[in-house]
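Visitor: Next one to model:
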Amino acid sequence: MSFWITEENEDLTKTTGEHETGGGDIEPIAKNTEVVFAPDEAKYDDYEGDRYISIRWCILKGDHKGRKIFQKLRVFDEDKTKAGKHKKMFAAIAKNAGGSLLKLQHEPTDSDLQSILMKPMAGVLQVWELETETGETKTGNWISSINPVNSPQNVAPVAVAEEKAFDFDSDIPF
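Guide: Coordinates of the predicted model:
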């Protein structure tokens with residue numbers, strides 16, 4: 001069977017060049033939702049001179065299992081207060097991943113991030129909203145806290161109800 005023949009025996013070499021997969025925008029997960037998730041990708045990234053650590057989280061259980069949450073840790077920000085806040089979040093993530101990143105005497109490499117951070121953790125999601133240049137409103141999730149999965153404050157909420165509301169005083173970390 002040719003690579004371009006589908007299971008339904010459709011010959012894709014005869015495509016018109018148009019295709020729509022359907023779907024659309026995914027609604028953000030409700031604010032103050034507690035989740036259990038793990039990074040499935042972590043690396044350094046940059047955009048227009050802004051260097052940061054990029055983490056893609058995958059929710060491991062509950063109603064949102066399989067959803068991805070993207071986090072930018074701006075640990076190199078010129079605003080030292082902002083960079084410090086992001087380093088504290090990164091340190092909490094590193095601690096929950098076993099702590100070995102915290103023992104390094106050098107800046108972690110992409111390889112370090114990818115091999116060490118891939119451990120389950122608990123977190124609380126918030127919702128961001130912004131208006132684009134065209135006036136369109138975009139929304140998504142951001143991570144307001146990171147905690148050990150097995151900490152006393154998380155054992156009951158994670159086991160019983162994955163969407164427990166918390167009140168955290170934090171700004172959007174991107």
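
Visitor: so A38 bridges to which residues?
Guide: Here A38 sits in beta bridges with C58, as judged by DSSP bridges.

Visitor: Please enumerate the helices of the chain.
Guide: For the chain, applying DSSP state H gives helices covering 80-96, 110-116, 152-160.

Visitor: low pLDDT regions in this structure?
Guide: 1, 22-24, 151-174 (pLDDT under 70).

Visitor: L130 and Y52, how far apart?
Guide: 18 Å (C-beta to C-beta, to the nearest Å). The way it works is simple: take the backbone N, C-alpha and C, and place the C-beta from them, glycine included.

Visitor: quick one: the strands in the protein?
Guide: Remark: strands assigned in the chain by DSSP state E are 33-47, 50-59, 68-73, 121-131, 137-147.

Visitor: Out of these, flag the one nearest D79.
Guide: For the strands of the chain, the distance to D79 is smallest for strand 50-59, at 11.5 Å, taking C-beta to C-beta.

Visitor: my read: K65 touches I59, true?
Guide: Yes: using C-beta atoms under 8 Å, K65 is in contact with I59, at 5.7 Å.

Visitor: Same drill for the two, tell me which one is more crowded.
Guide: I59 (21 against 13; other C-beta atoms under 10 Å).

Visitor: picking up where we left off before, now tabulate the strands of the chain in a markdown table and tack on distance to N96.
Guide: What follows is the strands of the chain, written out as a markdown table (distance: least, C-beta to C-beta, whole Å):
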| stretch | distance to N96 |
| --- | --- |
| strand 33-47 | 10 |
| strand 50-59 | 12 |
| strand 68-73 | 14 |
| strand 121-131 | 4 |
| strand 137-147 | 6 |
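
Visitor: Out of the ones you listed, which gets nearest to T109?
Guide: strand 33-47 (8.4 Å).

Visitor: Buried ones in the closest one, by neighbour count?
Guide: 33-39, 42, 44 (16 or more other C-beta atoms under 10 Å).

Visitor: One more: stretch 127-143?
Guide: For stretch 127-143, by 16+ other C-beta under 10 Å, it's 127, 140-143.

Visitor: wait, which of those residues is closest to S111?
Guide: I143 (23.3 Å).
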